[in-house]
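# Quick one: sequence and predicted model below, then my questions.
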Amino acid sequence: MPTFVYMTRCDGCGHCVDICPSDIMHIDKTYRRALNIEPNMCWECYSCVKACPQFAIDCRGYADFAPLGHSVRARREEEKGTISWKIKFRDGREKNFVSPIRTTPWGSIPSPTELAPPTAEMLKSQHLAHEPDALKVPALPALKPDQLKREMV
Ligand code: SF4
Ligand code: SF4
């Protein structure tokens with residue numbers, strides 16, 4: 001049981017659909033609510049859980065941090081820059097902890113469609129799209145010839 005959606009909380013906004021790296025969060029055409037169409041392909045990456053503004057998605061936690069029969073809820077608080085986690089165990093105990101959202105403010109990374117298409121020159125380069133600018137570094141780190149040690153084996 002990877003992710004599942006509480007239908008009464010979901011408003012069909014589609015943020016989970018946009019962010020899922022596995023492309024398995026879909027909007028049901030009849031009910032206009034999200035669902036995980038292929039649970040066995042879920043990476044349990046929690047991206048959709050953290051992105052949902054209605055806190056409508058639960059995800060099974062990995063067995064190493066919570067045993068079976070628990071629930072894991074995540075609440076994104078953009079103004080604080082945090083994700084609050086609540087783990088509820090079968091016997092009623094709760095664990096709460098808070099982690100930073102990530103290293104960049106929520107929503108600050110443009111999607112590839114918002115960036116200029118690569119030039120012919122860029123396509124010949126070994127850099128990935130929009131490197132190094134998108135990484136906010138002047139250049140990618142690389143070894144210089146004098147850092148390489150030549151040895152006879
Ligand atoms: Fe997709 Fe990750 Fe959500 Fe699974 S946990 S449905 S892989 S976004
Ligand atoms: Fe529903 Fe949340 Fe997905 Fe929006 S992000 S469609 S509210 S489950």
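Nice, I can see it. Ligands and ions are numbered 1, 2, ... in the order given.

# what ranges do the strands span in this structure?
3-5, 25-27, 34-36, 57-59, 71-77, 82-88, 94-100 (DSSP state E).

# tell me, which of those is the model least confident about?
Note on these: strand 71-77 shows the lowest mean pLDDT, a mean of 83.

# Which one, of the strands of the chain, ends up nearest to ligand 2?
Counting by CB to the nearest ligand atom, ligand 2 lies closest to strand 34-36 out of the strands of the chain; the figure is 3.7 Å. Using the backbone N, CA and C atoms, a C-beta is placed for each residue, glycine as well.

# Check which helices and strands the helix or strand of the chain with the lowest mean pLDDT sits against.
Of all the helices and strands that make up the chain, the one with the lowest confidence by mean pLDDT, DSSP states H and E is strand 71-77; it has a mean of 83. Counting by 3 or more CB pairs under 8 Å, 6 or more residues apart in numbering; DSSP states H and E, the packing neighbours recorded for strand 71-77 are helix 47-51, strand 57-59, strand 82-88.

# can you redo these as JSON lines with distance to ligand 1?
Below are the helices and strands packed on strand 71-77 laid out as JSON lines (distance: least, CB to the nearest ligand atom, whole Å):
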{"stretch": "helix 47-51", "distance to ligand 1": "3"}
{"stretch": "strand 57-59", "distance to ligand 1": "6"}
{"stretch": "strand 82-88", "distance to ligand 1": "14"}
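
# JSON lines please, covering these and showing mean neighbour count and distance to ligand 2.
Formatted as JSON lines, those follow (neighbours: other CB atoms under 10 Å; distance: least, CB to the nearest ligand atom, whole Å):
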{"stretch": "helix 47-51", "mean neighbour count": "22", "distance to ligand 2": "6"}
{"stretch": "strand 57-59", "mean neighbour count": "22", "distance to ligand 2": "5"}
{"stretch": "strand 82-88", "mean neighbour count": "16", "distance to ligand 2": "15"}
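
# how close does residue 47 sit to residue 3?
With distances taken as CB to CB, to the nearest Å, residue 47 is found 10 Å from residue 3.
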